[in-house]
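K.L.:
Sharing a model prediction with you, sequence too.
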Amino acid sequence: MSAVQAAGAPPRSLASRVTSVQRDFPVAQLLFLAVLFLLGTLTIDNFTSPYSMRAMLILSALLGISALGQTVCLLVGGLDVSIPGWILAGSTVTVQLIGNPNSGWSAWETFLVLGVGAVLVGGASGLISYYFRVPSLVITLAVGAMVTGGVFAWSEGNINGIPPQWIANATSPATKTFGIGLPPIVFIWLIIALAAWLVLQRSVIGPWVYATGNNRRAAELAIIPTHWVWFGAFALSAIAATTAGVLLSGFAAGGDASVGTPYLWNGLTAVLIGGTAFGTRGDYTRTVIGALIVVVLGQDMTGWGFSYQDQNILYGALIILVVSLYRRDRRLRDQI
């Protein structure tokens, strides 16, 4: 195109410019979060009290940590539904080994076993899906069932115990961190978010992830180790969910057979509402905003008297709306 033609091109429409900005920065999500927070402040008593604010940050951190791997799985074109099983494993093993002085297990031994198991089994599910071309939903559904069944068999169905005090303190709204009025889990989440941003935006791994999700065949031809990308995505999802389970054991003050169930649906909601789409675009920063939206919206609806089922209906409607908007956006391969 010549310079004269470019100069004579019609100006971009307002909608086109807004879409371009939204593609690069989650403006709509931030505005939506601000509106939700303002509505809660104006309509719900004690919504902005220090305790309430800390509690919302803790819930957001737990949800955000559990959704870290799901974000990367979606970016490579997969989906992990084994997250509740890994959360259950992290929570149960923590309270029954570390929380039991008679178990003979130290914290580092317990976390080492949990971490290695999550990485190997979670990563294997990604490789199986990759090599055998089986939808990751099917493989991770089976893995989640196996992990859940294994936890129940090991604990003989009796999930009880007391979490270590230091884990309970890490997730308590009453705990301060180096004199700052926020519990350690909030700072742990900030460190995780920064690390995720550095890996996806400032390292060679980030382009590998986006290229694999956009077009696996093209990525293979570009000599990108796409099989290791899939291994890493699902290993990360398993280890992140297990970490969330360990922290949840302190927040919930013990074990619970259904502790991980809400985090699959709410985590996926946070990822999609935040702006990450299957194999196209997104990052963990958007998931952080999505987690805050899900938690604040949940607090709003609870304060307004909505039931848990009502909240699920609204989350589902939001997902349909957001995904339909993604379909109107150009895919990454159409932009380069």
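P.N.:
Arrived safely, thanks for sending.
K.L.:
Show me the residue at the heart of this structure, geometrically.
P.N.:
residue 67 (1.1 Å; Cα atoms, centre = their mean).
K.L.:
what's near enough to touch that residue?
P.N.:
The contact partners of residue 67, taken as Cβ atoms under 8 Å, 6 or more residues apart in numbering, are 240, 263, 267-268, 270-271, 287, 290-291. For every residue, glycine as well, the C-beta is placed using N, CA and C.
K.L.:
Between which two of the residues you listed is the distance greatest?
P.N.:
240 and 290 (15.0 Å; Cβ to Cβ).
K.L.:
any chance of the contacts of residue 67 in TSV, plus secondary structure and distance to residue 139?
P.N.:
Below are the contacts of residue 67 laid out as TSV (DSSP: H, G, I helix; E, B strand; the rest coil; distance: Cβ to Cβ, whole Å):
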residue	secondary structure	distance to residue 139
240	helix	18
263	helix	19
267	helix	18
268	helix	17
270	helix	23
271	helix	19
287	helix	22
290	helix	25
291	helix	25
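K.L.:
Return the members of the residues you listed classed as buried.
P.N.:
Buried members of the contacts of residue 67, scored by 16 or more other Cβ atoms under 10 Å, are 240, 263, 267-268, 270-271, 287, 290-291.
K.L.:
And for residue 325, the neighbour number?
P.N.:
Residue crowding around residue 325 was assessed by other Cβ atoms under 10 Å; the count is 14.
K.L.:
a helix runs through it, doesn't it?
P.N.:
Yes: applying DSSP: H, G, I helix; E, B strand; the rest coil, one finds residue 325 inside a helix.
K.L.:
Now do it against residue 50, distance only.
P.N.:
Distance, residue 325 to residue 50, using Cβ to Cβ, to the nearest Å: 36 Å.
K.L.:
ditto for residue 182
P.N.:
Counting by Cβ to Cβ, the gap from residue 182 to residue 50 is 10 Å.
K.L.:
again, but for residue 260
P.N.:
Counting by Cβ to Cβ, the gap from residue 260 to residue 50 is 29 Å.
K.L.:
Could you check which of the two has the larger neighbour count?
P.N.:
residue 260 (29 against 10).
K.L.:
How about the contacts made by that one?
P.N.:
Counted by Cβ under 8 Å, 6+ apart, residue 260 has contacts 66, 83-88, 91, 241, 245, 248.
K.L.:
Just the ones of those residues in helices?
P.N.:
66, 83-88, 91, 241, 245, 248 (DSSP state H).
K.L.:
May I see the buried residues of the one helix or strand residue 208 maps to?
P.N.:
Using DSSP states H and E, residue 208 maps to helix 205-214. Neighbour-count burial for helix 205-214 flags 206, 208-214 (criterion: 16+ other Cβ under 10 Å).
K.L.:
okay if I get the residues you listed as CSV plus pLDDT?
P.N.:
Shown next, in CSV, are these (pLDDT from 0 to 100):
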residue, pLDDT
206, 96
208, 97
209, 97
210, 95
211, 95
212, 96
213, 94
214, 91
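K.L.:
Quick one: these as TSV, columns for distance to residue 193 too.
P.N.:
Below are those laid out as TSV (distance: Cβ to Cβ, whole Å):
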residue	distance to residue 193
206	15
208	20
209	16
210	18
211	23
212	22
213	20
214	23
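K.L.:
Can you give me the neighbour number for residue 204?
P.N.:
8.
K.L.:
and it, how far is that from residue 195?
P.N.:
Distance from residue 204 to residue 195, by Cβ to Cβ: 15 Å.
K.L.:
what's the answer for residue 205, then?
P.N.:
Noted for residue 205: a distance of 11 Å to residue 195, by Cβ to Cβ.
K.L.:
where does the stretch 201-336 of the chain dip in pLDDT?
P.N.:
253-256, 280, 326-336 (pLDDT under 70).
K.L.:
Helices along that one, start to end?
P.N.:
205-214, 216-221, 226-251, 261-274, 284-303, 308-327 (DSSP state H, counting those that start in this stretch).
K.L.:
Out of those, the one nearest residue 109 is which?
P.N.:
Nearest to residue 109, of all the helices of the stretch 201-336 of the chain, is helix 226-251, at 13.6 Å by Cβ to Cβ.
K.L.:
any idea of the angle that closest one forms with helix 205-214?
P.N.:
110 degrees (axes from the mean of the first three to the mean of the last three Cα atoms, to 10 degrees).
K.L.:
buried residues in helix 226-251?
P.N.:
So helix 226-251, judged by 16+ other Cβ under 10 Å, has buried residues 226, 228-251.
K.L.:
just to revisit the earlier point, among the ones in helices among the contacts of residue 260, list the two that are farthest apart in space.
P.N.:
Checking the ones in helices among the contacts of residue 260 with Cβ to Cβ, the most distant pair is 85 and 248, at 13.4 Å.
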